[in-house]
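Colleague: the amino acid sequence is not available; the structure is as follows:
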């Protein structure tokens, strides 16, 4: 993969110890038991770490970089082979912020959103830096060790114990604990709310199988057998089994999201609720010594469950599971939510055909994309993509073997044309393939030694052979990784196949054998092929396709939010999380259950605003982040003032285009606000059994 493509794929892709015994004391036992908090302290592994930030040399939101620093050059450690914990935190916050937000001035950073937008003069003088205290903890929810969850609780100095509020910021994608700092984190901190971050058992949990090294919650790269600090992930593999695997597959890495063997997504909602519980516990300890302090409880605190993508799904799932009243409302963007099958209604966009087969699970449509998008995106002269068409026809998966045929199959799968505009880019950047491999392993609870469909993770050297990861890459993995390779030099490897094919493209991208195997795990139409590359039926002797189906069943959402008001924002051009199979379907199902929910669909907006720094993206797409902030504002006013939530609607935006060979700076004319009284033709309606989405 070329350097530019690798960079794009990667984009896609001092703390003081507090004794655990001190944290475990519960002086307010009656109230804790009433709200279920008596058990949260028992889930803490090791120490609760605490740090105070002055808002000048360092801070909660920007790690001391300020708004200008977040938009500038990446911070570097003094010694890349031995970075400090402070350096790792700063680099992690820099990378996670920029991964989801376009930090170019012309794109809206500093004018429509960002650390210095909507704050007072004092905060502007600090360049958006926010003083306060950060707590960091590692939780083990089930006691088995693999499902360890990193939680950070940030308490800004502006937090008012007499008017408390809390925002969840569960990480997007498979990112680490700071994965939502630029989205829900920034909004909450600027409001003076405590923010509870959570990596939901997936974030940047890498493990070097060859050398037995993993990572602490602060990102330190340590040897598991000699470290006295708990690791955020250490795969449990019998020594002989691991030795046999490494003999044939040296220098491999286990990835927490893929290889914890516990399907972490099944607990995303629970993990988010645990974060809220820990947040309350720490807030009450933080302010316990203040004069006239009154206990901070769910009854006197506004709690908003929020985040984007996977974190957005976690917020929705948390609300569904919340039987004790921890959460007051939900505001999410582009949630990767998998609603339970509901064929009691259809979805119709404009005058197009009504879609019955909506709400397909992520793995279903992602593995479909992985198999067919290469051919669908083929253009004359694109040798490797056209070869995908040829291979699909040879397998009997296409009749004519043409891009038009493949594109028709994708369109008929409930994929809207707007998201197809970016699908070729995602396929060429290896996004669909990487996501499908990770989720196949996660859902089927596969061990790295199961060798599922013959895929693994390793660094590749100049001869395209798996090799040891360079030390600097390994030391900075926590700070620079998005949680799912390819990134930090670790690639997706198809065992026994050269890592490159025609034109130097990574083999997994154009590997129809691998894509067909991953798809067969879902369709279960070819049992022998679904096990190809694995050598056996995997853990427990059960077929991996059956295990995968069971894993997907565990993550399906009910759309029953228990009466909590909810706001969902989604970009129509999202080429990663399909609107028909996620937000639209979830919204319709929630309406059928008479939930208080609003859905705002934004035209010319896609999944990753960070790509809008690329001129072609900047000209064609607007930042969805603007509407995420608006949705949170509307929900907050609804919860605190009783203001009505705007009706569900399509927000029609205006791309910037190109003027005199330059993309002009964005203005509010490009991103009109969500209307309190939308035009009739913009309203999303549900009549009879049809959810109608305006064009």
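Modeller: Nice, thanks for sending it over. Just so it is clear, the structure is predicted and the values come from calculations on it, not from any experiment. Residues are numbered from 1 along each chain as shown.
Colleague: for the stretch 451-600 of the chain, which segments count as strands?
Modeller: 455-460, 466-467, 490-494, 566-571, 597-602 (DSSP state E, counting those that start in this stretch).
Colleague: quick one: strands adjacent to the shortest one?
Modeller: Next to strand 466-467 in the sheet, as set by DSSP bridges, lie strand 455-460 (antiparallel).
Colleague: out of the strands of the stretch 451-600 of the chain, deepest packed?
Modeller: Burial among these, expressed as mean neighbours by mean count of other CB atoms under 10 Å, is greatest for strand 566-571, which shows a mean of 28. C-betas here are computed from N, CA, C, even on glycine.
Colleague: what lines up beside it in the sheet?
Modeller: Here strand 566-571 has these sheet partners by DSSP bridges: strand 329-333 (parallel), strand 597-602 (parallel).
Colleague: what does stretch 398-415 rub up against?
Modeller: With contacts defined as CB atoms under 8 Å, 6 or more residues apart in numbering, stretch 398-415 is touched by 355, 357-358, 360, 365, 368-369, 372-373, 375-379, 385, 389-390, 392-393, 417, 420, 423, 578, 580-581.
Colleague: narrow those to those in strands?
Modeller: Of those, none are assigned to strands by DSSP state E.
Colleague: could you tell me the least trusted of the strands of the stretch 451-600 of the chain?
Modeller: Set side by side, the strands of the stretch 451-600 of the chain show their lowest mean pLDDT on strand 490-494, which sits at a mean of 89.
Colleague: contacts for that one?
Modeller: Under the contact criterion CB under 8 Å, 6+ apart, strand 490-494 has outside partners 1, 206, 252-253, 430, 433-434, 437, 454-460, 466, 469, 473, 485-486, 499, 506-508, 511, 513-514.
Colleague: do that again at 7 Å, thanks
Modeller: In this structure, residues lying in contact with strand 490-494 by CB atoms under 7 Å, 6 or more residues apart in numbering are 253, 430, 433-434, 437, 454-460, 466, 469, 485-486, 499, 506-508, 511, 514.
Colleague: next: stretch 673-689.
Modeller: Contacting residues not belonging to stretch 673-689 are listed as 344-346, 588, 591, 599-600, 627, 630, 634, 646-652, 692-694 [CB under 7 Å, 6+ apart].
Colleague: for ChimeraX, write the selection for the buried entries among those residues.
Modeller: Command for ChimeraX that selects the buried part of the contacts of stretch 673-689, burial taken from 16 or more other CB atoms under 10 Å:
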select :345,346,588,591,599,600,627,630,634,646,647,648,649,650,651,652,692,693,694
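Colleague: so which of the contacts of stretch 673-689 belong to helices?
Modeller: Using DSSP state H, the members of those that fall in helices are 588, 591, 627, 630, 634.
Colleague: and which of these is nearest residue 74?
Modeller: For these, the residue nearest residue 74 by CB to CB is residue 627; the value is 27.9 Å.
Colleague: isn't the closest one up against residue 602?
Modeller: Yes - applying CB atoms under 7 Å, one finds residue 627 in contact with residue 602, separated by 5.3 Å.
Colleague: any residues in contact with both of these two?
Modeller: 569, 651.
Colleague: okay if I get the ones in helices among the contacts of stretch 673-689 as TSV plus pLDDT and distance to residue 233?
Modeller: Below are those laid out as TSV (pLDDT from 0 to 100; distance: CB to CB, whole Å):
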residue	pLDDT	distance to residue 233
588	98	37
591	97	39
627	98	34
630	98	36
634	98	38
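Colleague: quick one: secondary structure of residue 665?
Modeller: The three-state label given to residue 665 by DSSP: H, G, I helix; E, B strand; the rest coil is coil.
Colleague: please name the nearest non-neighbouring residue to it.
Modeller: Nearest residue to residue 665 in three dimensions, chain neighbours excluded: residue 106, at 4.1 Å (CB to CB, 6 or more residues apart in numbering).
Colleague: is the one you found in contact with residue 662, as I believe?
Modeller: No - in this structure residue 106 lies outside contact range of residue 662 using CB under 7 Å: 9.1 Å.
Colleague: what's near enough to touch residue 597?
Modeller: If you count contacts by CB under 7 Å, 6+ apart, residue 597 has them with 561, 566, 587, 590-591.
Colleague: with that, I have no additional questions.
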